[in-house]
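Participant: The following block contains a protein sequence and its predicted model.
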Amino acid sequence: MSSSPIPAARCHYLLDLLAQVPDPRKRRGRRHPLAGLLAVGIAAVIAGSRSFAAIGQWAADAGPEALAMLGAARGPAEESTFRRAFALVSADVLDRVLGAWLWTRAVQAGGRLVIAIDGKTVRGARSKTGKAPHLVAAPAHGIGVVLGQVAVDEKSNEIPAVRELLKAFTDLAGAVFTIDAMHTQHDTAQAILSRDADYVMTVKANMPTLYRQLKKLPWTAIPAVSTVSTDHGRRARRTIKAVLAPAWIGFAGAAQVAQLRRTVTRNGKKTVEVVYLITSDRDADPVTLAAWTRSHWEIENCLHWVRDVTYQEDKSLVRTGNAPRVMASLRSLAISLLRLDGHINIAAANRHHARDPQRTLKLLQTA
């Protein structure tokens, strides 16, 4: 897994950047340029395509003018061409190119950049040995764009993959990373701080010693801040308390610790969950910490749920070579582009762009 940074993309036309992805195919018999195939794949996925067959059909229906604008001037490629090319292309390079460009868009959005770290298994791509690609992504809070993605090595796990993902970014100064309990690790905290960024890490019962130590702090004497939300027949109260981090905490750069209690009432049944937070940000108030944490949990609905339900990723039969990861990258990019364009309902956005290829071209040209 390569982690060399790609320089920040300066071109505002996304499709020009695809030429940075090397073509691994043999020159003999190569009819369609790889950048054009990738561009057509992106356009088709924006229009809701879920398979190579659907991408091939979209290309056949798009017309020569639309294909030429996507860098596919030699006409529509067959399904098998997309399948073979995507199976061979370097997913690492593709993710870095797309991530570098999306990073520029996230910075343009203004405000402090808050980034979630979260993993997802592409279950539909499970091989004969039972292995399925597992990807760790870095979506930006509130913007809806995926700034980076790396694959977890089959002989490893998510924890070192997160550190590889951090290496792919060129400039993290001032950013904040929200981390779930799996990645609450000393080395990860140090890796984030070494890039001049801050972290907000969650501590649950999977770290029993630290959890018990934090639980024993005098929380009853600490003022609380509460918020209440209601949606989908559910009422949720979130109560947070924050104090300076005790010296014994041992996490590099730890500035504050917080207790976050979530009380959810649905159909008269009440559930309570208490988690603890560690952050290196000295200035974040309890309300801000609670908002960052809640936004982290919402990434599941904004990204993974959309890939699974709208794009049916876990039912996909794409399993050859690098193709499952490339398709996952194109889905994440499509979701990111549609979010940046103001779409909330991705399924509706797919249908909107499927009705007219010119809408997709306009989105790509102005992205």
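Facilitator: Here it is on my side, so go on.
Participant: R31 - that's part of a strand, no?
Facilitator: No: counting by DSSP: H, G, I helix; E, B strand; the rest coil, R31 is not part of a strand but coil.
Participant: check contacts around it.
Facilitator: Shown in contact with R31 (C-beta atoms under 8 Å, 6 or more residues apart in numbering): 74, 77, 81. Where C-beta positions appear, they are placed from N, C-alpha and C, glycine not excepted.
Participant: Find the nearest non-adjacent residue to the second one, please.
Facilitator: Once flanking residues are discounted, A77 sits nearest to H32: 4.7 Å by C-beta to C-beta, 6 or more residues apart in numbering.
Participant: Would you mind confirming that that neighbour is in contact with G71?
Facilitator: No: here H32 does not reach G71: they are 9.2 Å apart, not a contact under C-beta atoms under 8 Å.
Participant: quick one on the thing from earlier: mind listing what the residue nearest to A77 touches?
Facilitator: Going by C-beta under 8 Å, 6+ apart, H32 touches 72, 74, 77, 81, 85.
Participant: List the contacts of the helix or strand containing A59.
Facilitator: According to DSSP states H and E, A59 maps onto helix 52-62. Helix 52-62 has contacts (C-beta under 8 Å, 6+ apart) with 40-41, 43-45, 47-49, 67, 70, 72, 76-80, 82-83, 86, 318, 323, 357.
Participant: Show the buried residues in the residues you listed.
Facilitator: 40-41, 43-45, 47-49, 67, 70, 72, 76-77, 79, 82-83, 86, 318, 323, 357 (16 or more other C-beta atoms under 10 Å).
Participant: Restricted to helices, list those residues.
Facilitator: Per DSSP state H, helices hold the following members of these: 40-41, 43-45, 67, 79, 82-83, 86, 323, 357.
Participant: For A349, state which of these is nearest.
Facilitator: V45 (11.5 Å; C-beta to C-beta).
Participant: and the closest one, how far is that from A255?
Facilitator: Taking C-beta to C-beta, to the nearest Å as the measure, V45 falls 41 Å from A255.
Participant: What of R163?
Facilitator: Taking C-beta to C-beta, one finds R163 at 21 Å from A255.
Participant: What is the burial count for the closest residue to I278 other than its chain neighbours?
Facilitator: Among residues not flanking I278 along the chain, M201 sits closest, at 4.8 Å (C-beta to C-beta, 6+ apart). Number of residues near M201 (other C-beta atoms under 10 Å) recorded here: 25.
Participant: helix, strand or coil for M201?
Facilitator: strand.
Participant: Does the closest residue to V145 other than its chain neighbours fall in a helix, a strand, or a coil region?
Facilitator: With C-beta to C-beta, 6+ apart as the criterion, V145 has its nearest non-adjacent residue at 3.9 Å, and that residue is S336. Using three-state DSSP, the structure places S336 in helix.
Participant: got a list of what S336 touches?
Facilitator: S336 makes contact with 102, 144-146, according to C-beta under 8 Å, 6+ apart.
Participant: now swap in T310 and tell me
Facilitator: By C-beta under 8 Å, 6+ apart, the contact set of T310 is 346-347, 350.
Participant: how much space between it and R351?
Facilitator: Taken as C-beta to C-beta, the span from T310 to R351 is 11 Å.
Participant: Show me the contact partners of stretch 358-367.
Facilitator: Applying C-beta under 8 Å, 6+ apart, the external contacts of stretch 358-367 come out as 12-15, 39, 42-43, 46-47, 66, 69-70, 105, 337-338, 340-341, 352-353.
Participant: now those: which count as buried?
Facilitator: Among these, those buried by neighbour count (16+ other C-beta under 10 Å) are 14-15, 39, 42-43, 46-47, 66, 69-70, 105, 337-338, 340, 352-353.
Participant: Just give me the closest of these to T230.
Facilitator: Nearest to T230 among the buried ones among the contacts of stretch 358-367: L338, at 27.4 Å, using C-beta to C-beta.
Participant: Endpoint to endpoint, stretch 71-91 covers what distance?
Facilitator: One end of stretch 71-91 sits 20 Å from the other (C-alpha to C-alpha, to the nearest Å).
Participant: For it, what is the distance to the chain centroid?
Facilitator: What separates the centre of stretch 71-91 from the centre of its chain is 24 Å, taken as C-alpha atoms, centre = their mean, to the nearest Å.
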